[in-house]
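Peer 1: Quick one: sequence and predicted model below, then my questions.
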Amino acid sequence: MHAFDVLGDPVRRRILELLTGGELSSGDVTTVVRAEFGISQPAVSQHLRVLRENGFTTVRAEGARRLYSVDPGPLKEIDGWLEQYRRFWTGPLDALATEIARGRRERRKAAEEDQDSA
């Protein structure tokens, strides 16, 4: 399965988001995902399996619990692939940051002038 096929599913993206906070048990993941998406426990398990089989997560056993965590490998590969497109948004984002900074300076200067005239 292609990485974008894996990440194209909102449930799997949400699971990865949950795991960015650190290792979670399959039960903890299931509780959140079931509440947010209204899907069954077996469906959540299937999504966890797809993530694991495609390298996006790792799982380790701790007694009867299965603890999942993010495996950054495939995400780094996606980031590398996106590098060729990054130029399309990096420049505009840099320009936006410049404009935001300019606006802050102007507001600060106007506030100082208001204080000086008061």
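Peer 2: Great, that's in hand.

Peer 1: Name the helix or strand for the spatially closest residue to residue 74 that is not a sequence neighbour, please.
Peer 2: With sequence-adjacent residues excluded and distances taken as C-beta to C-beta, 6 or more residues apart in numbering, residue 74 is closest to residue 55, at 4.8 Å. For the C-beta atoms, the positions are set from N, CA and C on the backbone; glycine is no exception. Following DSSP states H and E, there is no helix or strand that holds residue 55.

Peer 1: check contacts around residue 55.
Peer 2: Under the criterion of C-beta atoms under 8 Å, 6 or more residues apart in numbering, the neighbours of residue 55 are 71, 73-74.

Peer 1: Emit the PyMOL select command for whichever of those residues are buried.
Peer 2: PyMOL command restricting those to the buried ones, with burial defined by 16 or more other C-beta atoms under 10 Å:
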select buried, resi 71+74
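
Peer 1: Please convert the contacts of residue 55 to a markdown table, extending it with pLDDT and secondary structure.
Peer 2: Below are the contacts of residue 55 laid out as a markdown table (pLDDT from 0 to 100; DSSP: H, G, I helix; E, B strand; the rest coil):
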| residue | pLDDT | secondary structure |
| --- | --- | --- |
| 71 | 96 | coil |
| 73 | 91 | helix |
| 74 | 92 | helix |
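
Peer 1: All good on my end, thank you.
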